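[1] sequence first, then the predicted structure:
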Amino acid sequence: MVSGIGLFGAILVAVIGMVILISKYKWHPFIVLILSAYFVGMVTGMPADTVIGLIKKGFGGILGNIGIVIICGTIIGVILEKTGAALTMANTILKLVGKDKAPLTMSLTGFVTSIPVFCDSGFVILSPISRALAEKTGTSLAIMATALSSGLYATHCLVPPTPGPIIMADTLKADLGLTILIGLAISIPVMMAGYLYATKFARRYSIDANPDVTLDDLLDKYGELPGAVKSFAPIAVPIILIAFKSIADFPVHPFGEGSVKAFFDFIGNPVTALLLGVGASLFLVPDRKTGDSFAFTASGITSAASILAITGAGGALGQVLRELPLAEVLSSSLLQYNIGLLIPFIIAMILKTAMGASTVAMIVTSAMVAPLMVKMGFTSELSKVLTVMAIGAGSMTVSHANDSYFWVVSQFSDMETSIAYKCQTGVTLVQGVTAMCIIQLLAMVFA
């Protein structure tokens, strides 16, 4: 098998190939990731049947672990949109923070919505609400869009069960409950950094709201909106249950080691917790429209297909990378600089900036870093979680023209490209750097 410079050369060529095929030629990441797995395996000297076996093992393994979770999260997102629960959440937050804080309302609504939903989909879902609030409060759409975008981005990159973070936690064997808790703790100041950027910097750009629908129109569209408790429940229930499982698994065994612990281990398993979240979301469908439950669920499953394909392909590439002697090679090169968590941050940042896709950057980086964890000294539960966070921070930095999210934000907010660079690219840079600074501080204090 190839080692040393040849090993890194093969990986570098694969990464450059991914960047070119995804960014320039617009190939789908599923095809590119599978081809990259073949390329790396064959070029580094693995037997052909071994490469194929690893690809199948990696593809099936990662989907076996989190495939159901991804589908459930997507179903929840569709139902939140179709039933008007997303509008209820926005209205509830608006009442709490005040009508003069409309941008903060969108930041917080995006923050909550993006926990189970991709940020691209979340922005599309919440964009009409953002426009309507901008028109009602006389706020520039540039401020509202930047606030919404950054709120969505904070949890999209840092908090499971969003696919990227949950894939990283699975790859690096990080405790999922602890990942959620620390991810939430870090993502709150990251969201606030985005909100401050929106209100202090994006305010320089005046964009009229020109809403297609007003808040009253939205209320008429959905009819009677679901209550706040029912609207937040599909997101809150899985998070709480997963957190309780992590608490139950603490070495001190706060719930004992008998039936109570077994109960929390069962309902707090991500698969069970997200299925219960789907169950909670179905209560949002009015009794008179129970037939819509099937249609909404089917729509969620359809929407999840592309995510599952990319996730599985990333798992295939990751399995091939794990078979390579990366740790041995890096231990005598990059690791000698002793920069710790900056290694996964920098790798993810380069991949994100080059390829544009945050989730792909998370998948590839976590697969590359997994064999290095012991060499880097990241063996404790906290250090594993902080590594997940560092990759997430890198995958934020930055969103620009090769990122689909950049165009979703700009096109749904009437932003000229030059303004989008200043608002969307600028805020993601601030968020990524802010996240990494917090992670480094946590590592210094606790790790």
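    Perfect, I can see it now.

[2] any stretches of the stretch 301-447 of the chain with poor pLDDT?
    Residue ranges of the stretch 301-447 of the chain with pLDDT under 70: 326-337, 447.

[3] show me where it has helices.
    326-330, 342-355, 358-369, 381-394, 404-411, 417-420, 426-446 (DSSP state H, counting those that start in this stretch).

[4] for Leu276, find the nearest of those helices.
    For these, proximity to Leu276 was assessed by CB to CB; helix 381-394 is nearest, at 23.8 Å. All C-beta atoms are positioned from the backbone trio N, CA, C, and that covers glycine.

[5] for that closest one, name the packing helices and strands.
    helix 141-158, helix 163-171, helix 176-200, helix 342-355, helix 358-369, helix 426-446 (3 or more CB pairs under 8 Å, 6 or more residues apart in numbering; DSSP states H and E).

[6] before we move on, the earlier item: quick one, which of the helices of the stretch 301-447 of the chain is nearest to Ala85?
    Among the helices of the stretch 301-447 of the chain, helix 404-411 sits nearest to Ala85 (CB to CB), with 21.2 Å.

[7] most packed of the helices and strands packed on helix 381-394?
    Compared across those, helix 141-158 shows the largest average neighbour count, a mean of 31 (mean count of other CB atoms under 10 Å).

[8] show me which residues of the helix or strand where Ile75 lies are buried.
    Element membership for Ile75 (DSSP states H and E) is helix 48-82. Buried residues in helix 48-82, counted by 16 or more other CB atoms under 10 Å: 51, 54-55, 58-59, 61-63, 65-82.

[9] starting at the chain centroid, how far to it?
    15 Å (CA atoms, centre = their mean, to the nearest Å).

[10] quick check: Asp403 vs Ala309, distance?
    19 Å (CB to CB, to the nearest Å).

[11] okay, those two: which has more neighbours?
    When neighbours are counted by other CB atoms under 10 Å, Asp403 and Ala309 differ, and Asp403 comes out ahead with 22 against 18.

[12] dump the residue contacts of Thr428.
    Ser150, Tyr153, Met396, Thr397, Val398, Ser399 (CB atoms under 8 Å, 6 or more residues apart in numbering).

[13] redo that, cut-off 10 Å
    By CB atoms under 10 Å, 6 or more residues apart in numbering, Thr428 lies in contact with 149-150, 153, 157, 194, 197, 352, 358, 395-400, 403, 405-406, 409.

[14] any idea how far Val97 is from it?
    23 Å.

[15] leaving out chain neighbours, which residue sits closest to the residue nearest the centre of the chain?
    In the chain, the residue lying closest to the centroid (CA atoms, centre = their mean) is His156, at 3.0 Å. Closest residue to His156 apart from its sequence neighbours, by CB to CB, 6 or more residues apart in numbering: Cys119 at 4.0 Å.

[16] show the pLDDT at the one you found.
    The score at Cys119 is 90. That number is its pLDDT.

[17] count of neighbours near it?
    By other CB under 10 Å, neighbour count at Cys119 equals 29.

[18] wait, Thr113 touches Ser149, no?
    No. Using CB atoms under 10 Å, Thr113 is not in contact with Ser149, being 12.0 Å away.

[19] how about stretch 224-234 as PDB, C-alpha atoms only?
    Included here for stretch 224-234 are C-alpha records, laid out as PDB according to Å, rounded to 0.1, in the frame of the first residue of the first chain:
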ATOM      1  CA  GLU A 224     -56.300  28.000  12.800                       C
ATOM      2  CA  LEU A 225     -52.600  27.600  13.800                       C
ATOM      3  CA  PRO A 226     -51.500  24.900  16.200                       C
ATOM      4  CA  GLY A 227     -50.600  25.900  19.700                       C
ATOM      5  CA  ALA A 228     -47.100  26.800  20.800                       C
ATOM      6  CA  VAL A 229     -46.500  23.600  22.900                       C
ATOM      7  CA  LYS A 230     -47.600  21.300  20.100                       C
ATOM      8  CA  SER A 231     -45.500  23.300  17.600                       C
ATOM      9  CA  PHE A 232     -42.300  23.100  19.600                       C
ATOM     10  CA  ALA A 233     -42.800  19.500  20.800                       C
ATOM     11  CA  PRO A 234     -41.600  17.700  17.600                       C
END
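
[20] can you point out the buried residues in that stretch?
    Buried residues in stretch 224-234 (16+ other CB under 10 Å): Leu225, Pro226, Lys230, Ser231, Phe232, Ala233, Pro234.

[21] could I get those as TSV with distance to Ala295, pLDDT and secondary structure?
    Converted to TSV, those look like this (distance: CB to CB, whole Å; pLDDT from 0 to 100; DSSP: H, G, I helix; E, B strand; the rest coil):
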residue	distance to Ala295	pLDDT	secondary structure
Leu225	19	89	coil
Pro226	17	92	coil
Lys230	19	94	helix
Ser231	20	93	helix
Phe232	23	94	helix
Ala233	21	94	helix
Pro234	17	92	helix
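
[22] what's the closest of those to Gly258?
    Ala233 (28.9 Å).

[23] chain neighbours aside, what residue packs nearest to that closest one?
    Ala280 (4.3 Å).

[24] what are the buried residues along the helix or strand encompassing the one you found?
    Using DSSP H and E, Ala280 falls within helix 270-282. For helix 270-282, the neighbour count (16+ other CB under 10 Å) marks Pro270, Thr272, Ala273, Leu274, Leu275, Leu276, Gly277, Val278, Ala280, Ser281, Leu282 as buried.

[25] wait, the fourth one sits on Pro238?
    Yes. Judged on CB under 10 Å, Leu274 makes contact with Pro238 at a distance of 5.1 Å.

[26] what is in contact with those two at once?
    Val69, Cys72, Gly73, Ile76, Pro116, Pro161.
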